[in-house]
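Peer 1: prediction below, plus the sequence it came from.
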Protein chains: 2
Amino acid sequence: MPAFAKRMSQVRRSFIREILKVTADPSIISFAGGLPKPDLFPTGPIAAAAASVLAESGPAALQYSVTEGEPGLRQWIAERYKTTRGMDVDPANVLITNGSQQSLDLLGKVFLDPGDVVAVELPGYIGAIQAFSVFEPTFAGVPLGPEGPDIDRLVEVLTQQQAKMFYAVPNFQNPSGLTYSLAARRAVSEAMRVSDAVFVEDDPYGELRFMGDPLPPVSAFMTQDRFMLGTFSKIAAPGLRLGWVVADPATLPKLVTAKQASDLHCSTLVQRILMRYLADNDLDAHIATIKAAYGAQRDLMVARIKAEFPEGVTCTEPEGGMFLWVTLPAGCSAFALFDLCIKEKVAFVPGEPFFVDGSGQNAMRLNFSNAEPERIIEGISRMGRAIAKLLEKSACAVGA
Amino acid sequence: MPAFAKRMSQVRRSFIREILKVTADPSIISFAGGLPKPDLFPTGPIAAAAASVLAESGPAALQYSVTEGEPGLRQWIAERYKTTRGMDVDPANVLITNGSQQSLDLLGKVFLDPGDVVAVELPGYIGAIQAFSVFEPTFAGVPLGPEGPDIDRLVEVLTQQQAKMFYAVPNFQNPSGLTYSLAARRAVSEAMRVSDAVFVEDDPYGELRFMGDPLPPVSAFMTQDRFMLGTFSKIAAPGLRLGWVVADPATLPKLVTAKQASDLHCSTLVQRILMRYLADNDLDAHIATIKAAYGAQRDLMVARIKAEFPEGVTCTEPEGGMFLWVTLPAGCSAFALFDLCIKEKVAFVPGEPFFVDGSGQNAMRLNFSNAEPERIIEGISRMGRAIAKLLEKSACAVGA
């Protein structure tokens, strides 16, 4: 057996997927996953769409197709940017992918040589870190605060370190739940404008806003070198594995070539089922149902955290999405808490894997989209007990 | 905009996909594509399978799933190796992919550093050349003859050039239609055994044998460092985009990590639809129908070529698969013929793009799986006229 490629030494297996194996035990209340709530999937309408597609144009839906994706689906996505964000998007610049993860892989393939600097948020989305790692970049962390990224640090990374790319999740970020303010969006776009880097704006949760006013994408303030990633995983169903990238026109042909080399094209069948579902159903009504459920679960989780977690422990209060972020007092270890919590039969994801600079030891991610209210109440109560134990016996106690 | 990654300068857009755009004109009889015949797809049974899956376990079929693939589908694939090839395959070593193209991408990711030598057949499968090109290898061609690859050259490439991988399609190869003899299979396995390289055995057409006895895979003579690629594209439907790789156990975890980084997992929905289709239907009966149709089309195309093409023009007579290979007299240009043929409203794929050493100017690939008999008769007649014109006016005339 020959040696594996050097790139593979950079890529870790997804820590979250490893945790999910631990939490397969049904007696464990898990806030670790990142799953949408399956009883909210539009199962019946998708079944009807599948039946229609296969009855009316089955052989075409089962044949090879074009790499760029089904034209009707690309058109739908372009129109959606107009109706939900007031943006003009040319369907010719939309590439259909196997979910956002493949959009990240293709962008890495097209842009990243070994050693290139990629700016990512601190904390940052772990799937993006994993996807880019394959291409052996150097990561530069940009700390994320309540209003958005540290702009001075971003500018430093873009100019002094000549980063080739900034990857960001401005809405209800995974893992933190934080959202960029309007001012931060403008500032990021300005920092990008004066740099030579590309901006990769991942927005899996943007349509899942429970409160507050929608904000324009950072990309809306840019005219070039921007890529907008989206997915049907959170607004329809992740088992379809369909997402997209709206590409800078100069780069679209390279992305298409990379997609062709990677897997020819996305499943014709699922693309057509999805198109039919979108044509025959009211997606906005469906999204309203999801938002009502997730919003109520978010409210409950925030309320129970405030009631149950010891003083000195803080959490973000996301305006949308699927995750919130808990910070223990400085010096506390979320990994140590994880072990205590497994004994209490409750799980979360420790924060450190989300930080490319190795920080974040005292933070953690909690998912609220895939938990029944009674399990949120019980799970947060169990976590509260475990945190109290951790604070009692460790040097990180409040006021220490 | 920053520079694209170096790797992208190595990757050409698929030449075949570009040709397919030229041949979109319905008045052109095209033997250029590589499409299965869509009216043979099991459309009704797949519709029934989709209905059952969505009715009985819809939410699970629409949820995220494991990277390795659906356990039942991996099990089915392992059992198929037992029944059709007498091989013991552990389902734990099967990884589900978005068709063989993704298996190639993942193997490239896991094994190939820039400059590594990859041995490929002359002519070789163009999709594999494209997939591997992303990882910036050096290709070494191994000429393919009627019995299999040139073993002396293979040994030279494996030992003196220290190739890291040999990629081969031993059954009814794309593009040549050639099949390795039993002796060649043993000789290849022996050459691989004494080398440090991995063997990648792609077998998309193995189940589509029209005549002659099935032969064991080359991998059946090997105990390690071998990867067997398969796909449901030719025996079920390509629009599903499902294939697999049976991996060497030491490499499987790396492939899973690479798959996770690439797109998390294959569509849960299409995997479950396919599983249900396979459970509820007689695949062997379905394959028998495909073989009868393709076999008759192959017989007709070979017969018409012998009747219509000028003396000195030869073709392979494949025992299965979807393609045959036509060789013009030395000195003739298949690209020049292509231009003449487009005027006659008939198309094929010129051979040169299949040769990593730039040879093959006088050869071409013809597809027989996706053409009605009357279009085969008419198309070969048109090609015969065009070849006659080429031979008349060029220096490559027979006996020249």
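Peer 2: Noted; the coordinates are in hand.
Peer 1: buried residues in the helix or strand where residue A:294 lies?
Peer 2: Assigned by DSSP states H and E, residue A:294 belongs to helix A:283-308. Residues A:283, A:286-287, A:290-291, A:294-295, A:297-302, A:304-305, A:308 are the ones in helix A:283-308 that count as buried (16 or more other C-beta atoms under 10 Å in any protein chain shown). Where C-beta positions appear, they are placed from N, C-alpha and C, glycine not excepted.
Peer 1: ditto for stretch A:239-255
Peer 2: A:239-248, A:251-252, A:254-255.
Peer 1: could you do stretch A:379-390 as well?
Peer 2: Those would be A:379-384, A:386-387, A:389-390, for stretch A:379-390 by 16+ other C-beta under 10 Å.
Peer 1: quick one: average pLDDT of the helix or strand harbouring residue A:101?
Peer 2: Here residue A:101, judged by DSSP H and E, is contained in helix A:100-111. Mean pLDDT, computed over helix A:100-111, is 98.
Peer 1: can you show me the CA trace of the helix or strand just after it as PDB?
Peer 2: Per DSSP H and E, the first helix or strand lying C-terminal to helix A:100-111 is strand A:117-122. C-alpha atoms of strand A:117-122 as PDB (Å, rounded to 0.1, in the frame of the first residue of the first chain):
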ATOM      1  CA  VAL A 117      -4.900  31.500   3.900                       C
ATOM      2  CA  VAL A 118      -8.600  31.100   4.500                       C
ATOM      3  CA  ALA A 119     -10.200  33.400   7.000                       C
ATOM      4  CA  VAL A 120     -12.900  31.800   9.100                       C
ATOM      5  CA  GLU A 121     -15.000  32.900  12.100                       C
ATOM      6  CA  LEU A 122     -14.100  32.100  15.600                       C
END
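Peer 1: contact partners for the spatially closest residue to residue A:159 that is not a sequence neighbour?
Peer 2: Spatial nearest neighbour of residue A:159, chain neighbours left out: residue A:195 (6.6 Å); criterion: C-beta to C-beta, 6 or more residues apart in numbering or on different chains. Each residue near residue A:195 by C-beta atoms under 8 Å, 6 or more residues apart in numbering or on different chains is listed here: A:158-159, A:163.
Peer 1: do residue A:233 as well
Peer 2: By C-beta under 8 Å, 6+ apart, the neighbours of residue A:233 are A:36, A:99-100, A:204, A:240-243, B:64.
Peer 1: what does residue A:302 give?
Peer 2: Residue A:302 neighbours (C-beta under 8 Å, 6+ apart): A:315, A:317, A:324.
Peer 1: what about the first one, how many residues close to it?
Peer 2: With neighbours defined by other C-beta atoms under 10 Å in any protein chain shown, the count for residue A:315 comes to 17.
Peer 1: was I right to think it contacts residue A:327?
Peer 2: Yes - using C-beta atoms under 8 Å, residue A:315 is in contact with residue A:327, at 7.3 Å.
Peer 1: returning to that earlier point: the buried residues of stretch A:239-255: which ones sit near chain B?
Peer 2: Restricting the buried residues of stretch A:239-255 to those adjacent to chain B (criterion: C-beta under 8 Å from any C-beta of the partner chain) gives A:239-241, A:248, A:251, A:254.
Peer 1: and residue A:62, how many neighbours?
Peer 2: Residue A:62: 27 neighbours (other C-beta under 10 Å).
Peer 1: relative to residue B:40, how far out is it?
Peer 2: Residue A:62 sits 10 Å away from residue B:40, going by C-beta to C-beta, to the nearest Å.
Peer 1: which parts of the stretch 151-300 of chain A are strands?
Peer 2: Applying DSSP state E, counting those that start in this stretch to the stretch 151-300 of chain A gives strands spanning A:165-168, A:198-202, A:226-231, A:243-246.
Peer 1: let's have the ones you listed in JSON lines, adding mean pLDDT.
Peer 2: Listed next are these as JSON lines, based on pLDDT from 0 to 100:
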{"stretch": "strand A:165-168", "mean pLDDT": "98"}
{"stretch": "strand A:198-202", "mean pLDDT": "98"}
{"stretch": "strand A:226-231", "mean pLDDT": "98"}
{"stretch": "strand A:243-246", "mean pLDDT": "98"}
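Peer 1: possible to save those as a markdown table with distance to residue A:77?
Peer 2: Output for these, formatted as a markdown table (distance: least, C-beta to C-beta, whole Å):
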| stretch | distance to residue A:77 |
| --- | --- |
| strand A:165-168 | 20 |
| strand A:198-202 | 15 |
| strand A:226-231 | 7 |
| strand A:243-246 | 5 |
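Peer 1: where does pLDDT dip in the stretch 251-400 of chain A?
Peer 2: Counting by pLDDT under 70, the stretch 251-400 of chain A has low-confidence residues at A:395-400.
Peer 1: what residue in it comes nearest to chain B?
Peer 2: residue A:268 (3.5 Å; C-beta to the nearest C-beta).
Peer 1: OK, contacts around the nearest residue to that residue once chain neighbours are set aside?
Peer 2: Distances taken as C-beta to C-beta, 6+ apart put residue B:239 closest to residue A:268, at 3.5 Å, once the chain neighbours are dropped. Counting by C-beta under 8 Å, 6+ apart, residue B:239 touches A:61-65, A:267-269.
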